[in-house]
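Chemist: Predicted model follows, preceded by the sequence.
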Amino acid sequence: MSDGFNQPKIAINRVYTRLGDGGQTALVGGQKVAKDDLRIAAYGTVDELNAFVGAARQSLLETDDDGCHALAETLRRVQHALFNLGSILATLPEDQHPAQPRVTEADVTGLEVEMDRCNDDLSPLRSFVLPGGHRANCDLHVCRTVCRRAERELVSLARATEVDEVSIAYLNRLSDAFFVWSRWSSFRLEVPETLWEPNAATPDT
């Protein structure tokens, strides 16, 4: 775990402030922006993703499998990384400082290591796989799709202003990881995968 980031300096004494009633919110540097600003949309979706990761983590913890419990611990680290990502996205480039929390190349590499480890247990796919089979698999697929949306919004933000390329790379790799983890959780729980069959969409007549 990195110890080079500043610890948060916040005090939440009251949740509502009424300051955002006019449709604006404040960035870390104090600048007021509209709540539908590209930057707010990007880190808002990262926050949404974090909530879904929490749900997936709980689903894994509710299984009886030690491997799923270990994956839940990995997801806990992902949640911290997503908060780090949200911190840097909530700050304009000119206000960012070196010790501010953010995702790093080490975080990206760590996801690749985790995926490679899980993939060693999995057979190659011969078709696309449908979400389902057990709750953890479904939750991880929801995480995958929300992560892709966060990535798209971050790419849109990058067209308008400076965005750290590592942030985009992290979300790109993380969405891949959710896919691998969804398959791996099914493997650990011995739940068969449902492969996409194009002709299965039409009912028999």
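Modeler: Sure, I can see it.

Chemist: which stretches of the protein aren't confidently modelled?
Modeler: For the chain, applying pLDDT under 70 flags the ranges 1-3, 8-22, 24-31, 33-35, 94, 205.

Chemist: all helices of it, in order?
Modeler: Counting by DSSP state H, the segments of the chain that form helices are 38-61, 66-89, 105-119, 135-160, 165-189.

Chemist: how about these, which one is nearest Phe128?
Modeler: Nearest to Phe128 among the helices of the chain is helix 165-189; the distance by CB to CB comes to 10.2 Å. The way it works is simple: take the backbone N, C-alpha and C, and place the C-beta from them, glycine included.

Chemist: Buried residues, that closest one. List them.
Modeler: Across helix 165-189, burial judged by 16 or more other CB atoms under 10 Å covers 166-186, 188-189.

Chemist: before we move on, the earlier item: tell me which of the helices of the chain lies nearest to Pro203.
Modeler: Going by CB to CB, the one of these nearest Pro203 is helix 135-160, 23.5 Å.

Chemist: Which strands and helices lie in contact with the closest one?
Modeler: helix 38-61, helix 66-89, helix 165-189 (3 or more CB pairs under 8 Å, 6 or more residues apart in numbering; DSSP states H and E).

Chemist: Tell me which of those approaches Asp139 most closely.
Modeler: With CB to CB as the criterion, Asp139 lies closest to helix 38-61 of the helices and strands packed on helix 135-160, at 3.7 Å.

Chemist: Export that closest one to CSV, keeping only CA atoms.
Modeler: Extracted C-alpha coordinates of helix 38-61, given in CSV (Å, rounded to 0.1, in the frame of the first residue of the first chain):
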residue,chain,number,x,y,z
LEU,A,38,-18.2,16.8,-17.7
ARG,A,39,-15.9,16.6,-14.7
ILE,A,40,-18.7,16.2,-12.2
ALA,A,41,-20.3,13.5,-14.5
ALA,A,42,-17.0,11.6,-14.6
TYR,A,43,-16.3,11.5,-10.9
GLY,A,44,-20.0,11.0,-10.1
THR,A,45,-20.0,7.8,-12.2
VAL,A,46,-16.8,6.7,-10.5
ASP,A,47,-18.6,7.2,-7.2
GLU,A,48,-21.5,5.2,-8.6
LEU,A,49,-19.1,2.4,-9.6
ASN,A,50,-17.7,2.4,-6.1
ALA,A,51,-21.2,1.7,-4.7
PHE,A,52,-21.7,-1.2,-7.0
VAL,A,53,-18.2,-2.6,-6.2
GLY,A,54,-19.3,-2.5,-2.5
ALA,A,55,-22.4,-4.6,-3.5
ALA,A,56,-20.3,-7.1,-5.4
ARG,A,57,-17.9,-7.3,-2.5
GLN,A,58,-20.7,-8.2,-0.1
SER,A,59,-22.1,-10.8,-2.5
LEU,A,60,-18.6,-12.5,-2.6
LEU,A,61,-18.4,-12.4,1.2
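
Chemist: That one - contacts with which helices or strands?
Modeler: Partner elements for helix 38-61 (3+ CB pairs under 8 Å, 6+ apart): strand 32-34, helix 66-89, helix 135-160.

Chemist: rewinding a little: of the helices and strands packed on helix 135-160, which is nearest Asp121?
Modeler: Of the helices and strands packed on helix 135-160, nearest to Asp121 by CB to CB is helix 165-189, at 5.7 Å.
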